[in-house]
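K.L.:
quick one: sequence and predicted model below, then my questions.
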Amino acid sequence: HGEIIMTESGPCLVEMNCRAHGGDGNWAPLARKLTGGKYCQIEATVDAYLEGEEFHKLPDVPPSPLKAHGLEVNLVSYSKGKVKSMP
């Protein structure tokens with residue numbers, strides 16, 4: 001998990017840590033594609049605690065190179081108003 005905020009003076013590193021990404025899990029499909037569509041951190045963690053046999057089927061390290069590339073971007077609007085339509 002990495003987090004950067006763009007400021008007027010340039011990027012500012014907020015966090016770089018070895019934890020699952022937060023949010024509502026909308027990143028999980030992307031994470032699965034990176035590993036060939038088989039698993040993400042959440043499923044691997046659940047398997048480690050509840051499905052030991054399934055967990056031991058996972059590779060020791062992620063594929064290299066990764067099977068896909070992607071990026072999740074969260075946009076923040078500092079303007080008030082209502083979205084009336086989208087292109």
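P.N.:
Happy to help now that I have it.
K.L.:
so which residues make contact with the longest helix along the chain?
P.N.:
For the chain, the helix with the greatest residue count under DSSP state H is helix 41-50. With contact meaning Cβ atoms under 8 Å, 6 or more residues apart in numbering, helix 41-50 is reached by 20, 21, 25, 28, 31, 39, 54, 55, 58. C-beta here means a position set from N, CA and C on the backbone, and glycine is covered the same way.
K.L.:
try it again with 10 Å
P.N.:
Contact partners of helix 41-50, identified using Cβ atoms under 10 Å, 6 or more residues apart in numbering, comprise 1, 18-21, 25, 27-28, 31-32, 35, 38-39, 51, 53-58.
K.L.:
what's the first helix or strand after it?
P.N.:
Sequence-wise, the next helix or strand downstream of helix 41-50 (DSSP states H and E) is helix 52-55.
K.L.:
from the chain's centroid, how far away is that next one?
P.N.:
In terms of Cα atoms, centre = their mean, to the nearest Å, the centre of helix 52-55 is found 23 Å from the chain centre.
K.L.:
got it, and stretch 61-81?
P.N.:
7 Å.
K.L.:
pull the CA atoms of that stretch into PDB?
P.N.:
What follows is stretch 61-81, C-alpha atoms only, in PDB (Å, rounded to 0.1, in the frame of the first residue of the first chain):
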ATOM      1  CA  VAL A  61       6.000 -15.300  -4.100                       C
ATOM      2  CA  PRO A  62       3.900 -13.400  -6.600                       C
ATOM      3  CA  PRO A  63       4.500 -13.900 -10.300                       C
ATOM      4  CA  SER A  64       7.400 -12.000 -11.800                       C
ATOM      5  CA  PRO A  65       6.800 -10.100 -13.900                       C
ATOM      6  CA  LEU A  66       3.200  -9.500 -12.700                       C
ATOM      7  CA  LYS A  67       0.500 -10.600 -15.100                       C
ATOM      8  CA  ALA A  68      -1.100  -7.100 -15.500                       C
ATOM      9  CA  HIS A  69      -0.600  -3.500 -14.600                       C
ATOM     10  CA  GLY A  70      -3.000  -1.100 -13.100                       C
ATOM     11  CA  LEU A  71      -3.600   1.900 -10.900                       C
ATOM     12  CA  GLU A  72      -6.400   3.000  -8.600                       C
ATOM     13  CA  VAL A  73      -6.900   6.700  -8.400                       C
ATOM     14  CA  ASN A  74      -9.100   8.500  -5.900                       C
ATOM     15  CA  LEU A  75     -10.100  12.000  -6.900                       C
ATOM     16  CA  VAL A  76     -11.200  14.700  -4.500                       C
ATOM     17  CA  SER A  77     -13.200  17.700  -5.500                       C
ATOM     18  CA  TYR A  78     -12.900  20.900  -3.600                       C
ATOM     19  CA  SER A  79     -15.900  22.400  -5.300                       C
ATOM     20  CA  LYS A  80     -19.500  22.200  -4.100                       C
ATOM     21  CA  GLY A  81     -22.400  21.200  -6.300                       C
END
